[in-house]
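# Whatever this is, show me its structure:
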Amino acid sequence: MTADTVDLGRRGFLRGRRSDAPAPIHPPWSRPEFFTDLCSRCGACADACPEAILRPGDGGFPEADFALGECSFCGACAEACPEPIFDRSGAPWSLVATVADTCLAARRVVCRSCQDACPESAIRFIPAPGGAAHATIDDAACTGCGACVGACPADAVTLRRQTPNRQTPNSQLGSQPGDPHAL
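As a prediction, this is how the structure comes out:
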């Protein structure tokens, strides 16, 4: 490990963070395997972001904060960066929305804020026995833009990295334990 390399696991331990906490979400198209080694933390990507969702995170590295808005995938962050961190030849990232049990709809309160905010129509509410509707995320349609995150009044929507070996493209979230469609 070079002197400039940041050991995020050690940093998290020393700051009292859990090791199972989700990894920060860096700008789209950034290459995670090289990000902390190549990022100079200059802030050019955050300054260029028209949505203003990039902010300094742990160690000053830019992170996407979807409570501030959604990513429009404009590419301004990649164009502004002076370092070779971005690879725009593929998908911006492998993020999909997930809905926790704290979802208001799962608690029998009518709410469709995340569905209304989703520009890709990747979120639907399916009626369930007993009248409570559950959020269903179409992983194939979800771009991971984060529009649903800030729209949720219960902070029940988050983004997670999509695993490549998912069994089904549709995931019912906010479901009961033991449900074969639950994550």
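# Let me see the ranges of the strands in this protein.
In the chain, the segments counted as strands under DSSP state E are 54-56, 62-64, 95-99, 123-127, 133-138, 157-161, 170-172.
# Excluding chain neighbours, what is closest to the residue most central in space within the chain?
Relative to the mean C-alpha position of the chain, the nearest C-alpha, by C-alpha atoms, centre = their mean, is the one of residue 159, at 3.0 Å. Take residue 159 and drop its neighbours on the chain: the residue closest to it by C-beta to C-beta, 6 or more residues apart in numbering is residue 95, 4.4 Å away. Every C-beta, even on glycine, is put in place using the N, C-alpha and C of the backbone.
# what about that neighbour, neighbour count?
Neighbour count of residue 95, defined by other C-beta atoms under 10 Å: 22.
# so it touches residue 157, yeah?
No. Residue 95 lies out of contact with residue 157 (C-beta atoms under 8 Å); the separation is 11.9 Å.
# if we can go back for a sec, the residue nearest to the centre of the chain and residue 98: what is the separation?
For residue 159, the distance to residue 98 (C-beta to C-beta, to the nearest Å) stands at 7 Å.
# One more: residue 88?
Distance, residue 88 to residue 98, by C-beta to C-beta: 26 Å.
# Could you do residue 51 as well?
Noted for residue 51: a distance of 21 Å to residue 98, by C-beta to C-beta.
# Same check on residue 83?
31 Å.
# Looking at those two, which has the bigger crowd around it?
Legend: neighbour count by other C-beta under 10 Å for residue 83 and residue 98, higher for residue 98 (20 against 16).
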